[in-house]
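Asks: this one's structure only:
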């Protein structure tokens, strides 16, 4: 009776020991692998870069005085608020990484202009944002709008859809 | 079970444990060694970092010369159409699963494609990006004297004119996902926060607090006091030692018609100074004024001052 109990205790301890060791070993390997293989998700950053380029680059949407060569970042030229200009300023021959729905609102919240950058992919990717592979990032910025000779307050709302990673 | 049986079981158990421990050590070593030799993580960072840097330079309306200081030595870095590819070595230029990252080109400012290989392990080759109104090109060891780089921080703008931007790379932040993500986010908040720096050069009189760009006495990048700008509001947060300087800047900015309100606050314990420009820019860019009103910290006070100035 005593011998049986001793044997049982020995086996139980041994299995517990083994199980603990396997658990610790696999845990460490998992943690090391996870930290070494971690991917960078730069989708939010990419969306920020995209908007920054639209607002601040020479060929973007901002008002540019041809006579002086001066660019006015943050003052949008309503005449330049088109896909054509942004496509030229942030141009990809193929496989674009980003698509966006860009809207311009007046101070009172009335939609003034709207266009879609990379419309083909936007229509494909947007429904897929419900899954984890695509990110939808909405950004709102206060801007000034140059409309003819008038400068008025407004906001630009950018809905960027881009693959994660 | 007799004594010999128990002893055999005991030895067998210990042997199995030893085998498992050895297997564990071998597997762990293999994983780490494989990752080290593969250098995929490092190259992925370099590809993304440099592509984003190109995007940022394109976002700058002015001319910029940028020293790229990430540790890319030992790799071959190839700037191709709309993408940066980082190869493990000069001999591995065949297309495969090499890390790559895409960037958008400006049709009016064409990008000059090129490939570079830094042989040395030390940081002796330096990569320069030059952006002008007509082109953007990377150059390896261009003829720039050390004097050009003398007064610049590693990985920052070497020289520029017009409106330009303050750029930080991932150099001090690679290896940790969260820090990198934060650095990248702050990085572009910095772009916004510093895009108006040409306005404030006239208020600059403390050269020791700035980095002066070569041959451009009318242009400075300022690290203190911290400054944040939205499209309509400007926030200056200074510490006690830079109070007068900060006030000078705030005063100058308040005279500019392009800003509806300028806020100023003293950060007596320097606690907020580092993150002030990013946080304030983020709050103000989002236009969340209710949040600003509730915000009791130093950034919030400065932001409220800016809004109050706007509202009279």
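Replies: Happy to help now that I have it. All values reported here derive from a predicted model rather than from experimental measurement. Numbers count the residues shown, from 1 in each chain, chains lettered A, B, ... in the order given.
Asks: so what's the residue count around the closest residue to chain A within the stretch 1-150 of chain B?
Replies: Taking C-beta to the nearest C-beta, chain A has its nearest neighbour within the stretch 1-150 of chain B at residue B:104, 3.8 Å off. Quick note: C-beta positions are derived from backbone N, CA and C, even for glycine. The criterion is other C-beta atoms under 10 Å in any protein chain shown. On that basis, residue B:104 has 24 neighbouring residues.
Asks: please apply the same query to the one 3 residues further on.
Replies: Neighbours of residue B:107 under the rule other C-beta under 10 Å: 12.
Asks: measure it to residue B:135 for me?
Replies: With the distance defined as C-beta to C-beta, to the nearest Å, residue B:107 ends up 12 Å from residue B:135.
Asks: thinking again about what came up before, so the residue of the stretch 1-150 of chain B closest to chain A touches residue A:90, yeah?
Replies: Yes - taking contacts as C-beta atoms under 8 Å, residue B:104 lies within contact range of residue A:90: 3.8 Å.
Asks: quick check: neighbours shared by those two?
Replies: In terms of C-beta atoms under 8 Å, 6 or more residues apart in numbering or on different chains, residue B:104 and residue A:90 are both contacted by the residues A:53, B:58.
Asks: which of the helices and strands in chain B ranks last by mean pLDDT?
Replies: Ranked by mean pLDDT, DSSP states H and E, the helix or strand of chain B with the weakest confidence is strand B:210-212, at a mean of 28.
Asks: and the helix or strand hosting residue B:31, what does it pack onto?
Replies: Mapping residue B:31 onto the secondary structure by DSSP states H and E places it in helix B:3-38. Counting contacts by 3 or more C-beta pairs under 8 Å, 6 or more residues apart in numbering or on different chains; DSSP states H and E, helix B:3-38 is packed against helix A:2-37.
Asks: immediately after the helix it packs on, which helix or strand?
Replies: Using DSSP H and E, the next helix or strand after helix A:2-37 towards the C-terminus is helix A:43-56.
Asks: what's the helix or strand following that next one packed up against?
Replies: Once the chain leaves helix A:43-56, the next helix or strand it forms, by DSSP H and E, is strand A:62-65. With contacts taken as 3+ C-beta pairs under 8 Å, 6+ apart, strand A:62-65 sits against strand A:70-77.
Asks: low-confidence stretches in chain A?
Replies: The model of chain A has pLDDT under 70 over residues A:1-11, A:33-40, A:67-71, A:73-74, A:95.
Asks: break it into its domains for me.
Replies: By the assignment in automatic domain parsing, chain A contains the domains A:1-38, A:43-163.
Asks: dump those domains to TSV, plus mean neighbour count.
Replies: Listed next are the domains of chain A as TSV, based on neighbours: other C-beta atoms under 10 Å in any protein chain shown:
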stretch	mean neighbour count
domain A:1-38	12
domain A:43-163	17
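Asks: nearest to residue B:16, out of those?
Replies: Proximity of these to residue B:16 was assessed by C-beta to C-beta; the nearest stretch is domain A:1-38, lying at 7.3 Å.
Asks: domains for chain B, by residue range?
Replies: Looking at automatic domain parsing, the domains of chain B come to B:3-38, B:41-191, B:224-311.
Asks: where does residue B:304 land in three-state SS?
Replies: The local conformation at residue B:304, judged by DSSP: H, G, I helix; E, B strand; the rest coil, is helix.
Asks: so how far is the helix or strand that contains residue A:124 from its chain's centroid?
Replies: Taking DSSP H and E as the criterion, the element that holds residue A:124 is helix A:119-128. The gap between the average C-alpha position of helix A:119-128 and the chain average comes to 14 Å, counting by C-alpha atoms, centre = their mean, to the nearest Å.
Asks: show me what that helix is packed against.
Replies: Of the remaining helices and strands, those touching helix A:119-128 by 3+ C-beta pairs under 8 Å, 6+ apart are strand A:99-106, strand A:134-147, strand A:150-163.
Asks: using CSV, please lay out the ones you listed together with distance to residue A:30.
Replies: Rendered in CSV, the data for these read as follows (distance: least, C-beta to C-beta, whole Å):
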stretch, distance to residue A:30
strand A:99-106, 36
strand A:134-147, 26
strand A:150-163, 26
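Asks: ok, residue 103 - contacts?
Replies: Going with chain A. Per C-beta under 8 Å, 6+ apart, neighbours of residue A:103: A:111, A:113, A:114, A:156, A:157, A:158, A:159.
Asks: my bad, chain B
Replies: Shown here is residue B:103, whose contacts under the criterion C-beta under 8 Å, 6+ apart are B:51, B:52, B:54, B:55, B:58, B:82, B:83, B:84.
Asks: and the residues you listed, which two are the farthest apart?
Replies: Across those, no pair lies farther apart than B:58 and B:83, at 14.3 Å, counting by C-beta to C-beta.
Asks: neighbour count winner among these two?
Replies: Each of residue B:58 and residue B:83 had its neighbours counted (other C-beta under 10 Å), and the higher figure belongs to residue B:58 (28 against 17).
Asks: from residue A:161, how far off is that one?
Replies: The gap separating residue B:58 from residue A:161 is 21 Å, by C-beta to C-beta.
Asks: is stretch B:79-89 anywhere near chain A?
Replies: Yes - using C-beta under 8 Å from any C-beta of the partner chain, stretch B:79-89 reaches chain A at B:81, B:82.
Asks: what's that stretch in contact with?
Replies: For stretch B:79-89, using C-beta under 8 Å, 6+ apart, the contacting residues are A:92-95, B:38-39, B:43-44, B:46-47, B:50-51, B:54, B:72, B:74-78, B:93, B:98-105, B:111-115, B:117, B:138.
Asks: just the buried members of those?
Replies: Among those, those that count as buried by neighbour count (16 or more other C-beta atoms under 10 Å in any protein chain shown) are A:92, B:39, B:43-44, B:46-47, B:50-51, B:54, B:72, B:75-78, B:98-105, B:111, B:117, B:138.
Asks: mind jotting down where the helices sit in the stretch 1-150 of chain B?
Replies: Counting by DSSP state H, counting those that start in this stretch, residue ranges of the helices within the stretch 1-150 of chain B are B:3-38, B:40-59, B:146-150.
Asks: name the helices or strands packed onto the second one?
Replies: In this case it means helix B:40-59. Counting contacts by 3+ C-beta pairs under 8 Å, 6+ apart, helix B:40-59 packs against helix A:43-56, strand B:63-68, strand B:76-80, strand B:83-87, strand B:100-102, strand B:127-131, strand B:136-140, helix B:177-193.
Asks: now do 6 Å
Replies: For helix B:40-59, the helices and strands in contact under the criterion 3 or more C-beta pairs under 6 Å, 6 or more residues apart in numbering or on different chains; DSSP states H and E are helix A:43-56, strand B:83-87, strand B:100-102.
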